[in-house]
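Q: 3D, please:
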Amino acid sequence: MATMQSAYATYQNSKIMTATPAELTLMLYEGAIKFCNIAIMGVEQKDIQKAHTNIRKVQNIIAEFRATLNHKYPVAQDFENVYSYLSDRLVDANIKKDKEILEEVLVHLRTMRDTWKEVMQIAGRRA
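A: I've put the predicted structure just below:
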């Protein structure tokens, strides 16, 4: 079993190290969605630590998105506004351990991920 886990970890590390910036962004969206779902499960199970830990993971991913915005493009401000809103909602969700707020954040994350996938497909067709 340890060998399988080691092989999987090696594969995951290789996947990250060879990913394009666009693919890394997609992976971050996927991670934020995964951790948001786990946080929702934590709230449902009344597992405060599980909820908190995974909300913090989503917050960290959003913080990474914000830190890497290129503000020389006007659209960056739109993304900043969305990320700021999501950050505020995650703080509220963490304080209240509120499933509905997390579900709202999840909808936004899924929409942004799906839009990012479309952008990657369009860019791929142009290349």
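Q: for the chain, which spans come out with low pLDDT?
A: Residue ranges of the chain with pLDDT under 70: 1-2, 6-16, 127.
Q: Return the distance of residue 112 relative to residue 48.
A: Separation of residue 112 from residue 48 (Cβ to Cβ, to the nearest Å): 27 Å. C-betas here are computed from N, CA, C, even on glycine.
Q: These two: who's more crowded?
A: A count of neighbours by other Cβ atoms under 10 Å puts residue 112 above the other of residue 112 and residue 48, at 19 against 12.
Q: Figure out the helix or strand that the more buried one lives in.
A: Element membership for residue 112, per DSSP states H and E: helix 99-126.
Q: Now do the buried residues in that helix.
A: For helix 99-126, burial by neighbour count (16 or more other Cβ atoms under 10 Å) applies to 99, 101-102, 105-106, 108-109, 112-113, 116.
Q: from the chain's centre, how far out does that helix sit?
A: 10 Å (Cα atoms, centre = their mean, to the nearest Å).
Q: For that helix, name the packing helices and strands.
A: Applying 3 or more Cβ pairs under 8 Å, 6 or more residues apart in numbering; DSSP states H and E, one finds that helix 99-126 contacts helix 21-44, helix 48-67, helix 75-96.
Q: what is the orientation angle of that helix with helix 21-44?
A: Between helix 99-126 and helix 21-44, the angle comes out at 160 degrees (axes from the mean of the first three to the mean of the last three Cα atoms, to 10 degrees).
Q: 738 is where my numbering starts, stick with that
A: Okay, using 738 as the starting number, the last item reads as helix 836-863.
Q: and the angle for helix 836-863 with helix 785-804?
A: Angle of helix 836-863 versus helix 785-804, following the same axes, to 10 degrees, is 40 degrees.
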